[in-house]
Each structure stands twice: as C-alpha cells, then as structure tokens.
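S.K.: could you look at this predicted model? Sequence included:
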Amino acid sequence: MTENTITLENTAAAGRATNVVLGKNQYGKAEVRVVKVTRDTDRHEIEDLSVTSQLRGDFTAAHVDGDNGRVVPTDTQKNTVYGFAREGVGSPEQFLIRLADHFTGEFDWVTGGRWEAEQYAWERIATRAGTAHSAAEGHDHSFVRKGQEVRNAVVVKDGDTVQVISGLNGLTVLKSTQSGFVGYPKDRFTTLEETTERILATDVSARWRYSPAAVASGSVDFNRSYDDVRALLLEGFTEGYSYALQQTLFQMAQKVLDAHPEIEEVRFSTPNKHHFLVDLAPFGLDNPNEVFYAADRPYGLIEASFQRESISPDGNAWDGITGFC
Ligand SMILES: O=c1[nH]c(=O)c2[nH]c(=O)[nH]c2[nH]1
C-alpha cells in the first residue's frame with residue numbers, strides 16, 4: 001500500500017490547524033457478481049463469481065487536490081471484470097492474475113492492487129434414467145448450488161391430531177436456457193423487454209404438509225420422503241420450457257403431489273434472481289448470452305401454494321411459519 005507525506009498545506013484546506021497526511025489507500029469495485037455461461041454445445045457450463053478489484057499506487061492528487069487524472073473509475077474496473085469474463089474464468093486465481101496484470105500493465109501509476117474472488121460451486125441436477133439427459137452425467141443446463149440448503153420441520157399437535165410440515169430453504173437452482181417471459185400486460189411504466197431466452201434462478205423455500213391420517217398410521221418414512229421430494233422438486237425445475245417461475249413452481253408441486261399421496265399441499269416462496277445480460281459492445285465484444293450480471297436486489301418474489309382439490313383441515317399448523325403467503 002502507498003504511504004504519502006504530501007500535506008494539505010498548499011491546498012484549499014490550507015489554514016487548518018492540523019496537517020493531514022494521506023496514509024494507506026486503495027480503491028476499486030467490490031463484489032462484482034458475474035455469471036459466465038459457456039454454451040458452445042448443448043451441455044452448458046457455468047462459472048459464478050463475486051470479484052473485488054482494488055488498485056494501489058500513487059493516488060495522492062485525487063485525495064489531496066480532487067484531481068482524478070489517475071483515478072481509473074471503479075466502474076471501469078467492474079466493466080473489465082465483465083469484459084474478461086467473456087473469455088471465460090478458468091480458475092479464480094488465474095482470473096485475478098489476469099486482472100492484476102491488466103491494470104498494472106495498462107496504467108503505469110498503478111503499481112499493484114488487491115483482487116479477491118469468491119466462486120460459488122454448482123453441480124448438475126441429477127436426472128433419472130430414461131430421461132433425455134443421462135442419469136450418470138446430470139442435466140445439460142440445470143444446476144443446483146452445492147451444499148446450501150437447510151432442511152426444516154414443524155410438528156403441531158392438537159388433541160389427537162398431529163400435523164407435520166416439512167421443508168427446505170436455500171435450495172439454489174439455475175437453468176441457463178429453456179426459460180422466457182412474454183405475454184405480460186404493458187403500461188407506461190413497463191420497460192421490461194419480452195424474452196424467450198433467459199436465465200431462470202431461484203433459492204427454493206418449500207414446505208409440504210403431510211396428511212394427519214398418514215402421520216397417524218405411522219407409515220411415513222420422513223427421511224425417505226424428504227429425499228424424494230427434494231429430488232422431485234429439482235426434477236420439476238429442470239423439465240421442459242419455463243414460461244414463468246410461477247408455472248415452474250406448479251410443475252414442481254405437481255410432481256410431488258403425484259408421487260406422494262401422503263402429502264396434501266406444498267407451498268413455495270421463491271425469489272426470482274435476475275441475471276441481466278451485460279452489454280459488452282462498448283468494449284468491442286459480443287455477448288451471445290454468455291456474461292451476466294447477477295443482481296441480488298431487488299428480486300421478484302413469487303409465492304404460491306398448491307394443494308389437492310380436497311384436503312383435511314390444516315389445524316392452523318401453518319401459523320408461525322413465516323415467509324410464505
Ligand atoms: O417468471 C417471472 N415471473 C414474473 O412474475 C415476472 N415479473 C418479471 O418482471 N419477470 C418475471 N418473471
């Protein structure tokens with residue numbers, strides 16, 4: 001980091017009693033969320049990172065005189081991350097070294113810096129034998145974040161009736177194609193462009209309520225049921241074309257209710273995690289749906305419950321479970 005001994009004596013701040021000296025400094029853009037989809041074949045790959053770039057060098061004039069002649073904007077640092085991602089990430093280490101070499105090579109007063117990345121691991125959603133995507137290899141364009149979700153359970157007993165609601169939070173899934181959003185009403189505040197090709201990503205929070213009769217019979221194996229429901233939710237997410245997250249949730253619930261007669265209803269709370277295509281044209285690069293800005297907020301929030309046509313009373317068992325409509 002740079003140390004400087006230039007004081008404010010000759011500046012507009014002169015006349016203050018204290019001589020202030022610029023000490024260590026660095027600056028840049030923090031947590032640039034970049035998702036790179038490689039789609040040269042039908043079998044997509046994704047690389048998902050949060051990158052922080054900070055430059056070090058002689059930035060005295062900016063701090064002392066308000067002279068930005070050496071301040072490579074943080075916005076440019078962000079764009080550079082996106083531009084470099086067009087070529088792929090490879091490894092976070094390699095990617096950061098490329099950035100470091102670039103900034104120190106391009107701007108001679110940038111003598112160093114600090115570059116940091118977090119990479120989020122995704123795995124292909126497992127598919128069952130007999131589907132278009134072979135079970136051994138996992139799905140071509142549907143992914144689940146590794147090891148993120150938390151399983152949960154609530155039991156409410158009232159007299160002889162035992163209600164069991166099981167669920168999970170934080171099951172983060174993404175499909176890199178086979179999703180669109182068209183046909184919505186437009187008014188003077190509508191700027192969203194219709195698209196038939198977008199990334200669909202969400203953190204699934206789901207809860208499902210068992211029939212009290214099935215619970216009372218003692219026949220429910222809750223561990224097996226949990227594993228299977230999780231697999232069915234994932235399978236429902238992967239299958240077919242998604243016209244909206246709402247429709248995909250219906251498909252996921254349908255699978256669970258078809259396969260599990262002991263479950264009466266399924267509820268979801270799912271953020272629509274928007275991925276915006278980055279315009280790389282100003283940098284002379286094309287972007288055929290490969291480099292995305294993963295926004296964290298605001299996000300769509302899609303909540304829905306699905307149930308059999310006729311179900312037993314829930315005995316207010318949902319009371320106190322927050323985050324669902
Ligand atoms: O799947 C979606 N559902 C929506 O309700 C919605 N609204 C929006 O702007 N984008 C989307 N996407």
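M.R.: Great, that's in hand.

S.K.: dump the residue contacts of F283.
M.R.: 79, 83 (C-beta atoms under 8 Å, 6 or more residues apart in numbering). To be clear about C-beta, it is placed using only N, CA and C from the backbone, and glycine gets the same treatment.

S.K.: now do 6 Å
M.R.: G83 (C-beta atoms under 6 Å, 6 or more residues apart in numbering).

S.K.: equivalent analysis for Y299, please.
M.R.: Counted by C-beta under 6 Å, 6+ apart, Y299 has contacts 271-273.

S.K.: let's see 8 Å
M.R.: 271-274.

S.K.: repeat for V35
M.R.: 46-49, 199, 275, 291-294.

S.K.: from the ligand, how far off is it?
M.R.: 17 Å (C-beta to the nearest ligand atom, to the nearest Å).

S.K.: just T104 next, same as before
M.R.: In terms of C-beta to the nearest ligand atom, T104 sits 41 Å off from the ligand.

S.K.: name the SS class of that residue, please.
M.R.: On the three-state scheme (DSSP: H, G, I helix; E, B strand; the rest coil), T104 is labelled helix.

S.K.: show me where the stretch 101-250 of the chain has helices.
M.R.: All helices of the stretch 101-250 of the chain, identified by DSSP state H, counting those that start in this stretch, fall at 212-217, 222-238, 245-259.

S.K.: farthest pair within the contacts of V35?
M.R.: L49 and I199 (15.1 Å; C-beta to C-beta).

S.K.: wait, doesn't D75 sit right on K29?
M.R.: Yes. At 7.2 Å, D75 counts as touching K29 under the criterion of C-beta atoms under 8 Å.

S.K.: which residues does the residue lying closest to P92 once chain neighbours are set aside contact?
M.R.: The shortest distance from P92 to any non-neighbouring residue, by C-beta to C-beta, 6 or more residues apart in numbering, is to A117 (4.1 Å). By C-beta under 8 Å, 6+ apart, the residues touching A117 are 49-52, 92, 95-96.

S.K.: on that earlier part again, any idea which of the contacts of V35 is closest to R224?
M.R.: For the contacts of V35, the nearest to R224 is I46 (30.7 Å; C-beta to C-beta).

S.K.: elements contacting the host helix or strand of the closest one?
M.R.: Assigned by DSSP states H and E, I46 belongs to strand 45-57. Helices and strands touching strand 45-57, by 3 or more C-beta pairs under 8 Å, 6 or more residues apart in numbering; DSSP states H and E, are strand 27-38, helix 74-85, helix 92-106, strand 110-119.

S.K.: could I get the ones you listed as CSV with mean pLDDT?
M.R.: Listed next are the helices and strands packed on strand 45-57 as CSV, based on pLDDT from 0 to 100:
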stretch, mean pLDDT
strand 27-38, 98
helix 74-85, 98
helix 92-106, 97
strand 110-119, 96
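
S.K.: nearest to D67, of those?
M.R.: strand 27-38 (14.6 Å).

S.K.: neighbouring strands - and their directions - for that closest one?
M.R.: Strand 27-38 has its sheet partners listed here by DSSP bridges as strand 45-57 (antiparallel), strand 291-294 (antiparallel).

S.K.: no further queries at this time; thank you.
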